[in-house]
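>>> below are the sequence and a predicted model; questions follow.
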Amino acid sequence: KAGVTQTPRYLIKTRGQQVTLSCSPISGHRSVSWYQQTPGQGLQFLFEYFSETQRNKGNFPGRFSGRQFSNSRSEMNVSTLELGDSALYLCASSLADRSSYEQYFGPGTRLTVT
Amino acid sequence: AQTVTQSQPEMSVQEAETVTLSCTYDTSESDYYLFWYKQPPSRQMILVIRQEAYKQQNATENRFSVNFQKAAKSFSLKISDSQLGDAAMYFCASHGYTGNQFYFGTGTSLTVIP
């Protein structure tokens, strides 16, 4: 079974631009979560989508948004980029079933904002 | 809400020796899962081990085992016969039965000394 894939793996953007990151979950997984990872803040939860609905959201400004498609693939968008948005963005998929909550992570997208 | 605390930012161990990484958590839920994830320098997060809170028996996975103390809300990871490939950042995480979110600790960076 293929793992979680994220595209692109690396991205360089300029302040003020917007960016879209993509995540394809493991086949059969309906839950996709997004995290921002920085050296100073660790893993910060952005949001979780399940069956195309946002079920949970972390404490990030409205510039961060996401969506999930009917095939469970998810995209994350960041508008009006700031230098502080430079981070590794991780996507994780899960069955989100009571018998199995573990998340499987993708390799991440390294975003650098200049 | 839940919180997960890892009080050891960095740890080191001699190859072939045993090391224990600490984790404490706080949750209002009566049923929950606990996890240890490993993030090697290549950045792909990997599930190491999981524990269901209702199970009294400590989980084990080959050289990895946990010491789960429910009353003390403690969930430590023991790595036996440490190998160079165990060098990584280790994250402790919790997930409640009713919630939709993982809560991660800040991580412990493990160095394995040859």
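Right, received. Where do you want to start?
>>> poorly predicted segments of chain B, please.
B:1, B:97-100 (pLDDT under 70).
>>> closest point of chain B to chain A, which residue?
B:M45 (3.7 Å; CB to the nearest CB). Where C-beta positions appear, they are placed from N, C-alpha and C, glycine not excepted.
>>> how about that residue: what's its closest non-neighbour residue?
A:F105 (3.7 Å; CB to CB, 6 or more residues apart in numbering or on different chains).
>>> so the residue of chain B closest to chain A sits against B:A93, correct?
No - between B:M45 and B:A93 there is no contact under CB atoms under 8 Å: 9.9 Å.
>>> common neighbours of those two, please.
The contact sets of B:M45 and B:A93 overlap at B:Y37 (CB atoms under 8 Å, 6 or more residues apart in numbering or on different chains).
>>> what sits against the residue of chain B closest to chain A?
The contact partners of B:M45, taken as CB under 8 Å, 6+ apart, are A:L90, A:A92, A:F105, B:Y37, B:K38, B:Q39, B:F91.
>>> what pLDDT does the residue in chain A positioned nearest to chain B get?
Closest contact between chain A and chain B, by CB to the nearest CB, is at A:F105 (3.7 Å). On pLDDT, A:F105 comes in at 93.
>>> that one pairs with what?
Here A:F105 shows beta-bridge partners A:A92, assigned using DSSP bridges.
>>> could you pick out the residues of chain A near chain B for me?
A:31, A:33, A:35, A:42-43, A:45, A:48, A:50, A:55-56, A:88, A:90, A:92, A:96, A:98, A:101-108 (CB under 8 Å from any CB of the partner chain).
>>> where does the closest residue to B:G96 other than its chain neighbours fall, phi/psi-wise?
Residue nearest to B:G96 in three dimensions, not counting chain neighbours: B:E29, with 3.8 Å by CB to CB, 6+ apart. Here is the backbone geometry of B:E29 (degrees, to the nearest 10): phi -80, psi 150.
>>> tell me the residues of chain B that contact chain A?
B:33, B:35, B:37, B:42-47, B:50, B:91, B:95, B:97, B:99-107.
>>> pull the residues that contact stretch A:90-105.
Residues contacting stretch A:90-105 (CB under 8 Å, 6+ apart): A:3-4, A:6, A:21, A:23, A:25-26, A:28-37, A:43, A:50, A:72, A:74, A:76, A:106, A:108, B:33, B:35, B:37, B:44-47, B:50, B:95, B:97, B:100, B:102.
>>> please put the alpha-carbon coordinates of that stretch into PDB.
C-alpha atoms of stretch A:90-105 as PDB (Å, rounded to 0.1, in the frame of the first residue of the first chain):
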ATOM      1  CA  LEU A  90       3.400  17.700   7.500                       C
ATOM      2  CA  CYS A  91       0.300  15.900   6.400                       C
ATOM      3  CA  ALA A  92      -1.000  12.800   8.200                       C
ATOM      4  CA  SER A  93      -3.700  10.400   7.300                       C
ATOM      5  CA  SER A  94      -5.700   8.100   9.500                       C
ATOM      6  CA  LEU A  95      -8.600   5.700   9.400                       C
ATOM      7  CA  ALA A  96      -9.900   7.800  12.300                       C
ATOM      8  CA  ASP A  97     -11.600   4.600  13.400                       C
ATOM      9  CA  ARG A  98     -12.100   4.000  17.100                       C
ATOM     10  CA  SER A  99     -10.000   0.800  16.700                       C
ATOM     11  CA  SER A 100      -7.200   2.600  15.000                       C
ATOM     12  CA  TYR A 101      -6.400   6.200  15.500                       C
ATOM     13  CA  GLU A 102      -2.700   6.200  14.600                       C
ATOM     14  CA  GLN A 103      -1.700   8.700  12.000                       C
ATOM     15  CA  TYR A 104       0.600   8.000   9.100                       C
ATOM     16  CA  PHE A 105       2.800  10.900   8.100                       C
END
